[in-house]
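> I'd like to go over a predicted model; first the sequence, then the structure.
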Amino acid sequence: MSAFIRFPVRRGAAMTEHAVVIAGAGPTGLMLAGELALAGIDVVIVERRASQDLDGSRAGGLHSRTIEVLDQRGIADRFLSAGQVHPFVGYAGTFLDISDFPTRHNYILALWQSLFEPILAGWVGELGVPILREREVVGFAQDDTGVDVQVSDDSSLRAEYLVGCDGGRSLVRKVAGIDFPGWDPTASYLIAQVEMDEEPEIGMRPEGGGIGPVNREKGGGPYGVVLLEKQVEHTSAPTLQYLGEALVAAYGSDFGVHSPTWISRFTDMTRQAASYREGRVMLAGDAAHVHGPQGGQGLNTGVQDAVNLGWKLAQVVNKTSPDTLLDTYHTERHPVGARVLHNTMAQVALARIDERSQALRATMLELLSMDEPRRRMAGMISGLDIHYDLGEGHPLLGRRMPDLDLRTADGAIRMFALLHDARPVLLNLGEPGGFEISPWATRVRLVDAKHDGVWGLPVLGEIAAPPAVLIRPDGHVAWIGDLTDPELPRALATWFGKGTPAR
Ligand SMILES: Cc1cc2nc3c(=O)[nH]c(=O)nc-3n(C[C@H](O)[C@H](O)[C@H](O)COP(=O)(O)OP(=O)(O)OC[C@H]3O[C@@H](n4cnc5c(N)ncnc54)[C@H](O)[C@@H]3O)c2cc1C
């Protein structure tokens, strides 16, 4: 196994040992830490920031699939009670209705990242994960048995695995030598939170960006402003005067802008890590993919990366599964990230203000007024259409398990409630009995249940009710069939390790 190092790791110095070290306590690192802690893994986060405070509101909301994964852990209500729901997703400056999608969360949740992170950190705190704050990962070296992680306070941590959740400029990615190919920015946007003396024009602009109240329920100031800039390259940080001039150029007025909380800029730089894994080092979230904020997908994709990786890493650390299981993290999540990059680039192109791009946009909007194109695009942006390639078969294979109302011998239960402890479930909807679960009984929960309603999937519509379903901790379906199917023991062994022979 190759070793990568940026700073020399002090040999002989006392090292604190953990199974997993996570660099970065942003949305991705926090979610991953929660998933690992639920599985009983000894995990620590190293975080540069002194608290969860952000220098801006950043991401504006959660998409359906992210709310669903939080619901799978029983914590969605914490976020829902802090935000506002709207029955649509944004795409290329228009809104696509998703109220007909068969999910309990057929909406976006408007909730600023600055509010989202403290709630998520609260959950991670309850699970007892230590966060080493005001410290940075500054280098590491990996060998056959683990990773020595160098921390900025001159201490070292020894871990079996290191996960870089350290954002778009990821040091972990650079030190691991993982390429980050993609596209340089073509557009730069000013972003600010300000007060205004006059009531501004609220709403999106055709070229992207716009003005809106920070508190969307209450309205009024302070306002969030996003404005396309004339140039992509800049040598200095934006000032209030510069923002005022940009407002005049866009609206003919600066609306008496004053008292900025912050002024910053972002671009549509689009890049993706060539590999999400290099030996004992993994990347997740912005460390693995960066793109324009169109469609509001960055935070959501990172949280879902974490939910895909968490249970796999836990099983490898627990020695339930071989470490080849970690390769499926790249195989499954890299195409999802690539699709997000692709759709944000398309949205950037559709927002261009030259006549031909506008003609293309008008054509696209016409198509999106039809049901099938709307469903497809909205399924993609909401994350509800994610399909891991687990082979041919029933349409549910590789897709998310819907949150069905189930009847069991112990009473009524929602499907997602069965996933709260992040353990796999073998859901038998046929007659009870017929399969010996005992070799996997410590890992996989067999539930006999009935569902009376139809089976519906977003985008695909109604599907045939399966006789039994094997559901991974991330909520994706790993096998479908009859309990007598000889493939079932193989699927259990592939995903959840070899069975322990009954004594
Ligand atoms: C203007 C704007 C609007 C956006 N809107 C949306 C939206 O509506 N929806 C959406 O889903 N996404 C949106 N995003 C994207 C979203 O903010 C990011 O995708 C998200 O923050 C990624 O989370 P992360 O945890 O992967 O990385 P980050 O949030 O970047 O977190 C990385 C963490 O690692 C820490 N760190 C960095 N280096 C080190 C180190 N060496 N050692 C220790 N700690 C380190 C940082 O302090 C930080 O806490 C937007 C982004 C911007 C800029």
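Arrived safely.

> Show me where the stretch 301-450 of the chain has its helices.
With DSSP state H, counting those that start in this stretch, the ranges of helices along the stretch 301-450 of the chain come out as 327-350, 355-368, 371-382.

> Buried residues, the first one. List them.
In terms of neighbour count (16 or more other CB atoms under 10 Å), helix 327-350 has its buried residues at 328-330, 332-334, 336-337, 340-341, 343-348, 350. (Each C-beta comes from the backbone N, C-alpha and C, glycine too.)

> Could you do the last one as well?
Counting neighbours by 16+ other CB under 10 Å, one finds that the buried residues in helix 371-382 are R374, R375, R376, M377, A378, G379, M380, I381, S382.

> Report the closest residue of the stretch 51-200 of the chain relative to the ligand.
The nearest approach of the stretch 51-200 of the chain to the ligand comes at G167, 2.8 Å away (CB to the nearest ligand atom).

> so who does that residue touch?
G24, G26, G285, D286, A287 (CB atoms under 8 Å, 6 or more residues apart in numbering).

> again with L190
With CB under 8 Å, 6+ apart, L190 has these contacts: V225, V226, L227, E229, P238, Y242, L243, A246, I263, S264, R265.

> In the chain, spot the strand with the most residues.
The longest strand of the chain (DSSP state E) is strand 257-267.

> Mind checking the pLDDT average for it?
For strand 257-267, mean pLDDT is 92.

> Packing partners of it?
strand 188-196, helix 240-251 (3 or more CB pairs under 8 Å, 6 or more residues apart in numbering; DSSP states H and E).

> let's see 10 Å
strand 188-196, strand 223-228, helix 240-251 (3 or more CB pairs under 10 Å, 6 or more residues apart in numbering; DSSP states H and E).

> looking at the chain, which helix or strand is least sure?
Ranking every helix and strand in the chain by mean pLDDT, DSSP states H and E puts strand 203-204 at the bottom, with a mean of 86.

> Contacts for it, please.
By CB atoms under 10 Å, 6 or more residues apart in numbering, the list of residues contacting strand 203-204 from outside reads G90, G93, T94, F95, G210, I211, G212, V226, A351.

> So the third one sits against I381, correct?
No. T94 is beyond contact range of I381, at 11.3 Å (criterion: CB atoms under 10 Å).

> any shared contact partners between these two?
Shared contacts of T94 and I381 (CB under 10 Å, 6+ apart): F88.

> follow-up on the earlier one: can you tell if the helix or strand that comes right after the least confident helix or strand of the chain touches the ligand?
Heading C-terminal from strand 203-204, the first helix or strand you meet, by DSSP states H and E, is strand 210-213. No. Using CB under 6 Å from any ligand atom, strand 210-213 stays clear of the ligand, coming no nearer than 12.0 Å.

> Name every sheet partner of strand 210-213 and say whether each one runs parallel or antiparallel.
strand 203-204 (antiparallel), strand 223-228 (antiparallel) (DSSP bridges).

> how about the ones you listed in a markdown table, adding distance to V257 and mean neighbour count?
What follows is the strands paired with strand 210-213, written out as a markdown table (distance: least, CB to CB, whole Å; neighbours: other CB atoms under 10 Å):
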| stretch | distance to V257 | mean neighbour count |
| --- | --- | --- |
| strand 203-204 | 17 | 12 |
| strand 223-228 | 8 | 21 |
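
> Which of those strands sits closest to the ligand?
Nearest of these (CB to the nearest ligand atom): strand 223-228, 7.1 Å.

> who touches the residue nearest to T484 when sequence neighbours are not counted in this structure?
In space, and not counting its chain neighbours, T484 is closest to G434: 6.1 Å by CB to CB, 6 or more residues apart in numbering. Residues in contact with G434 (CB under 10 Å, 6+ apart) are N428, A468, D482, L483, T484.

> same question, S51
Here S51 is in contact with A25, E117, P118, A121, I131, R133, E134 (criterion: CB under 10 Å, 6+ apart).

> burial of the residue in the stretch 301-450 of the chain that the ligand sits nearest to, as a residue count?
Across the stretch 301-450 of the chain, the shortest distance to the ligand (CB to the nearest ligand atom) belongs to G302, at 3.8 Å. As a burial measure, G302 scores 29 neighbours (other CB atoms under 10 Å).

> Please renumber the chain so that the first residue is 759 from this point on.
From this message on, residue numbering opens at 759, which makes the last subject G1060.

> and it, what pLDDT?
98.

> Could you measure from it over to Q871?
Using CB to CB, to the nearest Å, we find G1060 at a distance of 11 Å from Q871.
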